[in-house]
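>>> Below is the structure, and that's it, no one-letter string:
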């Protein structure tokens with residue numbers, strides 16, 4: 001059933017068994033999606049049933065960055081099905097993981113199948129597809145009670161971790177609704193003073209409805225010596241520091257999640273600190289953060305070939 005209001009959804013927070021982590025920044029392009037993709041991939045690799053939800057229709061990037069898209073198992077189809085009628089559709093039939101994608105073979109190239117096969121099967125997506133354009137996105141209406149319904153549905157399906165990427169615009173109804181529903185509110189900031197001041201102002205307003213201990217500042221693209229300065233501007237401590245990573249662009253072109261060792265270590269520590277236990281490693285299982293064997297053997301040539309196949313397919 002549709003939630004009557006956001007507050008009704010908030011009341012279910014203490015009843016659900018899943019943990020919800022919502023990521024937000026005051027402006028797009030600050031690294032929220034990159035961080036959430038890495039965090040969700042790491043969490044799923046620990047054997048934790050994980051969902052990654054992307055509610056930003058105008059800056060959607062998950063389907064591109066993970067190489068996995070589906071014509072009907074996507075967010076825009078779910079929204080379209082809910083444009084009329086009193087009840088929202090169950091999200092189960094709109095979720096996508098590597099096993100479903102590979103079984104239905106929505107890309108014939110062996111190389112792209114290898115890319116998707118590297119993703120943990122415990123990671124499920126509810127995100128816009130690669131086919132969504134801004135004209136169609138503008139016709140879709142994300143309602144304020146949809147985040148509560150999605151979270152409740154995923155919780156009933158047995159998901160233990162739910163990561164939600166929301167639009168930067170707080171005037172969009174799903175953004176404050178998703179933030180209020182989260183167990184952990186991940187706020188990405190960088191060293192830009194305007195970003196810091198605007199974020200600090202918005203957090204003061206949000207803190208009237210969100211407990212301070214639920215807000216986790218994640219500092220991105222900022223030298224270590226500036227951390228104390230940022231904390232003073234923000235009037236709160238930084239929870240996680242993401243190091244500068246020169247390999248990020250190359251890994252993105254190769255459709256690999258995460259970054260170099262230092263970046264991945266910071267993500268892994270974040271996952272530890274929010275309460276997701278590590279899974280015992282097996283010798284045969286390659287970490288999802290590790291570069292593919294093709295990339296290891298061929299270096300930049302492997303990256304270039306994979307990028308060429310990806311752009312040709314799109």
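Nice, I can see it. All values reported here derive from a predicted model rather than from experimental measurement.
>>> secondary structure element for residue 227?
helix 227-234 (DSSP states H and E).
>>> contacting residues around stretch 162-172?
For stretch 162-172, contacts defined as Cβ atoms under 8 Å, 6 or more residues apart in numbering pick out 18-28, 32-33, 36, 39-40, 43, 50-59, 62, 142, 147, 151, 154-155, 174-176, 178-179, 182, 202. For every residue, glycine as well, the C-beta is placed using N, CA and C.
>>> For it, buried residues please.
162, 163, 164, 165, 166, 167, 168, 172 (16 or more other Cβ atoms under 10 Å).
>>> ok, of those residues, which one's closest to residue 255?
Of all the buried residues of stretch 162-172, residue 255 sits closest to residue 165, with 17.7 Å by Cβ to Cβ.
>>> per-residue confidence for residue 3?
On the pLDDT scale, residue 3 is placed at 40.
>>> now the one 5 residues further on
If you check residue 8, the pLDDT there is 42.
>>> dump the residue contacts of residue 104.
Residue 104 neighbours (Cβ under 8 Å, 6+ apart): residue 70.
>>> Tell me which helix or strand residue 137 sits in.
Going by DSSP H and E, residue 137 is part of helix 134-139.
>>> name the helices or strands packed onto that helix?
Helices and strands touching helix 134-139, by 3 or more Cβ pairs under 8 Å, 6 or more residues apart in numbering; DSSP states H and E: there are none.
>>> Going along the chain, name the helices of the stretch 201-314 of the chain.
Under the criterion DSSP state H, counting those that start in this stretch, the stretch 201-314 of the chain carries helices at the ranges 227-234, 248-253, 261-273, 293-298, 300-313.
>>> Mean confidence (pLDDT) on the last one, please.
Translated: helix 300-313. Helix 300-313 carries an average pLDDT of 46.
>>> residue ranges with poor pLDDT in the stretch 201-314 of the chain?
For the stretch 201-314 of the chain, applying pLDDT under 70 flags the ranges 280-314.
>>> Among the buried residues of stretch 162-172, name the ones in helices.
If you go by DSSP state H, the buried residues of stretch 162-172 have nothing in helices.
>>> Could you export those as JSON lines, including pLDDT?
JSON lines is the format used below for the buried residues of stretch 162-172 (pLDDT from 0 to 100):
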{"residue": "162", "pLDDT": "99"}
{"residue": "163", "pLDDT": "99"}
{"residue": "164", "pLDDT": "98"}
{"residue": "165", "pLDDT": "98"}
{"residue": "166", "pLDDT": "97"}
{"residue": "167", "pLDDT": "95"}
{"residue": "168", "pLDDT": "94"}
{"residue": "172", "pLDDT": "92"}
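>>> Could you list which of those belong to strands?
Those of the buried residues of stretch 162-172 mapping onto strands are 162, 163, 164, 165, per DSSP state E.
>>> Make TSV from the residues you listed and add distance to residue 233 to it.
Formatted as TSV, those follow (distance: Cβ to Cβ, whole Å):
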residue	distance to residue 233
162	31
163	27
164	26
165	25
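>>> And for the closest residue to residue 186 other than its chain neighbours, the neighbour number?
Spatial nearest neighbour of residue 186, excluding adjacent residues (Cβ to Cβ, 6 or more residues apart in numbering): residue 23 at 4.4 Å. With neighbours defined by other Cβ atoms under 10 Å, the count for residue 23 comes to 28.
>>> quick one: whichever strand or helix holds residue 23 to helix 261-273, angle?
Assigned by DSSP H and E, residue 23 belongs to strand 19-24. With axes from the mean of the first three to the mean of the last three Cα atoms, to 10 degrees applied, the angle from strand 19-24 to helix 261-273 works out at 130 degrees.
>>> Past strand 19-24, which element shows up next along the chain?
Sequence-wise, the next helix or strand downstream of strand 19-24 (DSSP H and E) is helix 32-45.
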